[in-house]
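Peer 1: just to be clear, the model below is a prediction. Sequence and coordinates:
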Amino acid sequence: MPSVKLKNYLLLHLIVFIWGFTAVLGKLITIDALPLVWYRMVLATTLIFFYIKYKKLSLDVSRKGLLWMVVGGITIALHWVTFFMAIKVSNVSVTLATMSTAAFFTAILEPIWYGRKVVIYEIAFGLIVIMGLYIIFQVETDYLYGIVLALISAFLSVVFTLINGRLITYQKPSVISFYELGSGVLFLTVFMIFRGDFTIGFFTLSPADWIFIGILASICTAYAYIASVKVMRYITPYTVVLTVNLEPVYGIILAFFILGDDEKMKPEFYFGALIIILTVIANGVMKQIDVKKNG
């Protein structure tokens, strides 16, 4: 069992690395956040559908399960839209550093969701994360809108993870992924129809955008999405969110080498980001100590 857990923990880190690259792709793709997410979800849903057919899996789900998958799908759609909007109006480094506040939101929401007691040090660490975020706010005022969008995105990512934490106990990852992504596509499609977004120009993309969106939909979404839900059978939602908070480390490094000068920030930014990341790591160490004590 320990080897199974280790294998899934390493897989989770690979997924987080892929998600870090997702942020870079979001900056490289030239279209706006909303159509970007729509294309991503349409292509990913199609790929997952063919995967389900290939595996001959049943798509039968309970009404209650379907309802939660629809809620999860709308949540992940809004999470991705706000995430890519944050990248578009600021940059990868600011967005990913701000996304680390997910640990703070988890410390508040997980006890409510699972009916457990609030852990004091989680709240304390959460407040330290807010302090790190405040430092970033102070020195990167040009990116205020991006920071706010990233905060909203971080909150939505936690809600989504908690929903899947329950769904995975009785549904296959690929089936959950299909219904959630499909629901997200339907939600965005209806919204965009009312906005009148579906014009000839909407479906005219550059070759580079098609390539980047293809990578985003296949590797960074279809594969990573199913795999991330699957590992939750062996890893708690808190550990998942905690590990996902290493995404800024991978993403900021990738962005620095791929995007260059656009990702160079003031020294104070890196100090604030370091406070956030170290706090997340310290939180993980404390959780591990708790597990050993209770085990």
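Peer 2: Thanks, I have the structure now.
Peer 1: so in the chain, where's the weakest helix or strand by average pLDDT?
Peer 2: helix 237-244 (a mean of 68; mean pLDDT, DSSP states H and E).
Peer 1: ok, now which ones touch the residue nearest to the spatial centre of the chain?
Peer 2: Centroid check for the chain by C-alpha atoms, centre = their mean gives Ser157 as the closest residue, at 5.5 Å. Ser157 is in contact with 79, 99, 102, 241, 244, counting by C-beta atoms under 8 Å, 6 or more residues apart in numbering. For glycine as for every other residue, the C-beta is placed from the backbone atoms N, C-alpha and C.
Peer 1: and it, how far from Trp80?
Peer 2: Using C-beta to C-beta, to the nearest Å, we find Ser157 at a distance of 9 Å from Trp80.
Peer 1: if I look at Val244, how far off is Thr98?
Peer 2: Separation of Val244 from Thr98 (C-beta to C-beta) stands at 13 Å.
Peer 1: more neighbours: those two, which one.
Peer 2: Thr98 (30 against 26; other C-beta atoms under 10 Å).
Peer 1: any idea which element the residue nearest to that one when sequence neighbours are not counted lies in?
Peer 2: With sequence-adjacent residues excluded and distances taken as C-beta to C-beta, 6 or more residues apart in numbering, Thr98 is closest to Ala150, at 3.6 Å. Using DSSP states H and E, Ala150 falls within helix 144-167.
Peer 1: do the same with Phe104
Peer 2: Using DSSP H and E, Phe104 falls in helix 102-114.
Peer 1: what residues sit buried inside stretch 69-79?
Peer 2: 69-70, 72-79 (16 or more other C-beta atoms under 10 Å).
Peer 1: okay if I get the residues you listed as TSV plus distance to Gly165 and secondary structure?
Peer 2: TSV is the format used below for those (distance: C-beta to C-beta, whole Å; DSSP: H, G, I helix; E, B strand; the rest coil):
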residue	distance to Gly165	secondary structure
Met69	13	helix
Val70	17	helix
Gly72	11	helix
Gly73	16	helix
Ile74	17	helix
Thr75	13	helix
Ile76	14	helix
Ala77	19	helix
Leu78	19	helix
His79	15	helix
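Peer 1: low-confidence ranges, the stretch 151-295 of the chain, go.
Peer 2: By pLDDT under 70, the low-scoring segments of the stretch 151-295 of the chain are 237-238, 241-242, 245, 284, 287-288, 290-295.
Peer 1: show me where it has helices.
Peer 2: 173-195, 207-217, 224-231, 237-244, 247-259, 267-294 (DSSP state H, counting those that start in this stretch).
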